[in-house]
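J.: what follows is a predicted structure for the sequence shown.
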Number of protein chains: 2
Amino acid sequence: MSQVPVLEKVGPQHLELRHPRGRTRITVGCGAFAEALPALAEWVAGRRLFVLSTGGVRELHGAALAPLCSAAASTVDLEVPEGEAAKAIGQAERLWREMAAAGGKRDSRLVAFGGGSVGDLGGFVSGCFLRGIEFSQLPTTLLAQADASIGGKTAVDLPEAKNFVGLFHHPRFVVSDARWLASLPLEELRSGLVETIKMGVLGDRELFDRIEATIDRLLAGDPEALAPVVVAAARGKIEIVEADPEEGGRRRLLNLGHTLGHALEAAAAYSDLRHGEAVAYGLLFVLRLAVRRGLPVAEAERVRALVLRLGLPPLPFLGIQALFELMSRDKKAIEAGLRWVLPRQIGEADEAVAIPLPEIEEELRRFLAGPLGPVQESAGGRAGPDL
Amino acid sequence: MSQVPVLEKVGPQHLELRHPRGRTRITVGCGAFAEALPALAEWVAGRRLFVLSTGGVRELHGAALAPLCSAAASTVDLEVPEGEAAKAIGQAERLWREMAAAGGKRDSRLVAFGGGSVGDLGGFVSGCFLRGIEFSQLPTTLLAQADASIGGKTAVDLPEAKNFVGLFHHPRFVVSDARWLASLPLEELRSGLVETIKMGVLGDRELFDRIEATIDRLLAGDPEALAPVVVAAARGKIEIVEADPEEGGRRRLLNLGHTLGHALEAAAAYSDLRHGEAVAYGLLFVLRLAVRRGLPVAEAERVRALVLRLGLPPLPFLGIQALFELMSRDKKAIEAGLRWVLPRQIGEADEAVAIPLPEIEEELRRFLAGPLGPVQESAGGRAGPDL
């Protein structure tokens, strides 16, 4: 048998996330929406349903929602801009006013139908409307299906910093239909694959192997290949979130690649770089720190090779000082200083490693000069970890 | 012994509220702040402290906070307008940006130092900053000490409707120093007393007796008289909130007088009528409904007499149709229609009584024609309950 299990076509998988206030029913795979429809229909029956989505998502997949909408007492469409632009307090305020004007009540429902931004905003808006109405996630991007839709994090951005405003508000259902992924543009698939690679590196070597073995089909948006990757990533995320619902400890693992990633994203003003692309660079950077602390170079190079297969857009020029400031403003920062999630090997990582700032600065300077290059300057120049 | 226990001067009382995510330590009475200071100081030690308050409160009581501020690593003042104007999404957004710019982190702390609006806004702002930082309530008005600071409700308003946006976010500490109440203007005391009368009517006959017996001292802002009333109201609220942390059932009791009260407040555009004054009128109205369902007229008249002692400002002219629309938009409304909390006798109330709309309309029409008058038109005209 190969190390990578060859997955035959399987139907949608049912997963469950238990959290402090209840549980989320998660259905993942090809045909997940049809599979979950009876339960979703019951959930909206006799109630006002708000469908938060973008024009693009509605055009591509809106028809799929018709049976859900007809199960509700009435449906109100809430339209938001594509991408990060949706995640603004002004957008949330507009939506709350529309919901109030449409007669939204405590027992009304909301579904967030779209990518990560739609889910983040939809969770925030439902979490704060009348002190919280129930909502569900119907994620249509790989990033959202594999990661963002699970775990109850909701957020909008401030001009100063991403995701600074939000709350924990778990969806009642997450329905991730892999068929919705077939229409994704390459850069969306790439961005989502970064989070699945991250999940593999931090805790699931088998998932990493699978991504490595099927990367071409994954980048082509093949739903049959994507489904098991999403299932595995979702399982990994559920396990971590259940162990640490509100990010006291273990959940910080999910931050692998995000410390620098968020700063890169903010420095590039949320537009030049997608979230996943920024995290990919963040991951490449972290490999360098990790190698200095014991991650075998061969493992690091294997991760780097897989990340390079994604074909990242070039990193824009970014000043080291600005990145430092952004990192120390990162919401995971604590008064004690920056902490880093570092892989020990593929499939295992440490939660919070403190690294002296001068070392970060030195490594970051080297990294920015050639971010896609080998994790060690050596193989020639340097002798190896110098700690 | 009298029915009303004559309370000798007692020191601050320690109460505790257990909620699904932890507990709130509540210190109430004359000298409560000095009593709670060691615990508060420990809570802020080594951290950034945001002090959210108004110019007026700072001027009157700001000096009291000096020992707390000096216990924190650093203090950042957040200034908000007086009254309901503070409870706007635009205000929250400005504060979040100030907090981000000041380097606020997950382990930063916030205290809301002021009346109910400051507490509602402070709870919302801290609850959504970085998905929630710890905060404490230092309420300086009777309304906030006796009611609003306890129970984790936070909110801001929409132009369309009051308290439509918010979340449950319990304070870590509530410190209600009765000495802060001595400087309150009469209308503030009046507004707060309404909530304590409400608390007596819905579940604590002894509290009602006490308010009745000491009303002159209470209206004069005598801290020694106010302290036991605040303690009793706080105890009552804690009991109800613990039984029903997120308003599924029993907590609806607290809505006594608020169904019409909120509509009156909104119709008067949040300015002509204070919250407590609007609730007072709401309570007077509910007495009429309750008498038709078995509340003894003598009990109702006793409540009305006490409410009249407060010297309410006149009710502005308000259209019955507008009030109906506002009531059905109240966030406690559910698809099934309006429900009313009705007293059965002083000290006992029913949670959710459905009343046919024509009956409400008839009674409301009669009420608006003479809101301060007897609960029954009779004693002359009508024969009594006509159900």
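T.: Happy to help now that I have it.
J.: what does stretch A:94-110 contact?
T.: Contacts with stretch A:94-110, where a contact means CB atoms under 8 Å, 6 or more residues apart in numbering or on different chains, come from A:43-44, A:47-52, A:72, A:76, A:78, A:80, A:121-122, A:125-126, A:128-130, A:133-136, B:89, B:158-161, B:164-165, B:329, B:331-335. The C-beta positions use only the backbone N, C-alpha and C, and glycine is treated the same way.
J.: as a whole number, average confidence for that stretch?
T.: The average of the pLDDT scores along stretch A:94-110 is 95.
J.: how about stretch A:363-371?
T.: On average, stretch A:363-371 scores 93.
J.: before we move on, what about stretch A:219-232?
T.: Stretch A:219-232 comes out at a mean pLDDT of 97.
J.: please apply the same query to stretch A:184-191.
T.: On average, stretch A:184-191 scores 94.
J.: which residues sit against that stretch?
T.: Residues contacting stretch A:184-191 (CB under 8 Å, 6+ apart): A:115, A:141-143, A:181, A:192, A:218-219, A:221, A:274-277, A:280, A:310-313.
J.: just the buried subset of the contacts of stretch A:94-110, please.
T.: A:43-44, A:47-52, A:72, A:76, A:78, A:80, A:121-122, A:125-126, A:128-130, A:133-136, B:89, B:158, B:161, B:164-165, B:329, B:331-333 (16 or more other CB atoms under 10 Å in any protein chain shown).
J.: in strands, which of the contacts of stretch A:184-191 appear?
T.: Counting by DSSP state E, no part of these is found in strands.
J.: residue A:240 and residue A:252 touch, don't they?
T.: No - Residue A:240 is not in contact with residue A:252 according to CB atoms under 8 Å; the separation is 9.3 Å.
J.: which among the contacts of stretch A:184-191 end up buried?
T.: Neighbour counting by 16+ other CB under 10 Å classes A:115, A:141-143, A:181, A:192, A:218-219, A:221, A:274-277, A:280, A:310, A:312 among those as buried.
J.: out of these, who's near chain B?
T.: Filtering these for neighbours of chain B using CB under 8 Å from any CB of the partner chain leaves an empty set.
J.: pLDDT at the residue nearest to residue A:322 when sequence neighbours are not counted, what is it?
T.: Leaving out its chain neighbours, the residue that sits closest to residue A:322 by CB to CB, 6 or more residues apart in numbering or on different chains is residue A:267, at 5.5 Å. Per-residue pLDDT puts residue A:267 at 84.
J.: neighbours of residue A:267, how many?
T.: Residue neighbour count, defined by other CB atoms under 10 Å in any protein chain shown, stands at 22 for residue A:267.
J.: which ones are touching it?
T.: So residue A:267 contacts A:316, A:318, A:319, A:322, A:323, A:326 (CB under 8 Å, 6+ apart).
J.: how about residue A:313?
T.: A:187, A:272, A:273, A:277.
J.: residue A:217 touches residue A:225, doesn't it?
T.: Yes - if you go by CB under 8 Å, residue A:217 and residue A:225 touch, sitting 3.8 Å apart.
J.: for chain A, which element, helix or strand, carries the lowest mean pLDDT?
T.: Of all helical and strand segments in chain A, the minimum by mean pLDDT, DSSP states H and E falls on helix A:320-329, at a mean of 84.
J.: what residues does that one touch?
T.: So helix A:320-329 is contacted by A:160-161, A:259-260, A:262-264, A:266-267, A:333, A:338, A:357, A:360-361, A:364-365, A:368, B:100, B:103 (CB under 8 Å, 6+ apart).
J.: if anything else comes up later, I'll come back, but that's it for now.
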